[in-house]
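# attaching a predicted model along with its sequence, questions to come.
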Amino acid sequence: MTTTDEAHILELLTEVKDPEIPVLNVVDMGIVRKVESEGDKLIVTITPTYSGCPAMDVISANIRTVMRKHFGEQVEVKTVLHPPWTTDWLTDDAREKLREYGIAPPEKGSPDKSLLFGEKAPVACPKCGSENTKMVSEFGSTSCKAHYKCNECLEPFDYFKCI
């Protein structure tokens, strides 16, 4: 497979959205680890955001659907758990999409702000930018998010936890 072929396949894979956060695609999320071919078969290797993520079955099925549309039936989606996915694999574009969608994105290369040094570090509100926020619950609408409230604009929001 040439670099051009791989770039084309990755571009096609941007059609596959995360069912829990539909503004993100699997490439921007860093879920797609590798694309390769074995004879006539196309193999897409993915890493789940966490090993129990309920969205991965839907994501795998959607990858197969999109790839079969362009490459026929010989498509395999392989899941690998090592190295484990990290929020550092989110692209800068994905972080901005999260913010625009109303979810506070994790900072690159930082530990989970909700656990930093045993104290709650400030998480900026994605709506107004204030760091005058408070964690309401360690778990938000999905396990990978915490629920916050902004004390300035009074809006609730989710924070995508660092992993």
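Nice, I can see it.

# every contact and neighbour count from this point should use C-alpha atoms.
Fine.

# what's the single longest helix in the protein?
Looking across the chain with DSSP state H, the single longest helix is helix 56-71.

# by contact count, what packs against it?
Secondary structure elements in contact with helix 56-71, counted by 3 or more C-alpha pairs under 8 Å, 6 or more residues apart in numbering; DSSP states H and E, are helix 3-13, strand 75-79.

# any idea which of those has the lowest pLDDT on average?
Of all the helices and strands packed on helix 56-71, the minimum mean pLDDT falls on helix 3-13 (a mean of 89).

# how much distance is there from it to the middle of the chain?
Centroid separation for helix 3-13 versus its chain: 19 Å, with C-alpha atoms, centre = their mean, to the nearest Å.

# quick one: low-confidence residue ranges for this structure.
1-4, 109-121 (pLDDT under 70).

# skipping adjacent residues, who's closest to the residue positioned nearest the centre of it in space?
The structure's the chain has its C-alpha centroid closest to Met29; by C-alpha atoms, centre = their mean the separation is 3.6 Å. Nearest residue to Met29, sequence neighbours excluded (C-alpha to C-alpha, 6 or more residues apart in numbering): Leu90, at 4.6 Å.

# doesn't Gly30 make contact with that neighbour?
Yes. Between Leu90 and Gly30 there is a contact at 5.5 Å, judged by C-alpha atoms under 8 Å.

# about what we covered before: next, count neighbours for the residue nearest to Met29.
Other residues near Leu90 come to 21 when the count uses other C-alpha atoms under 10 Å.

# again with Val77
Applying other C-alpha under 10 Å, we find 18 residues neighbouring Val77.

# and the gap between the residue of the chain most remote from its centre and Val75?
The outermost residue of the chain, judged against the average C-alpha position, is Gly39 (30.4 Å), by C-alpha atoms, centre = their mean. Distance, Gly39 to Val75, by C-alpha to C-alpha, to the nearest Å: 11 Å.

# quick one: buried residues of stretch 128-145?
By neighbour count with 16 or more other C-alpha atoms under 10 Å, stretch 128-145 contains the buried residues 133-135, 138-140, 144-145.

# over to stretch 90-97?
Neighbour-count burial for stretch 90-97, counted by 16+ other C-alpha under 10 Å, picks out 90, 94-95, 97.
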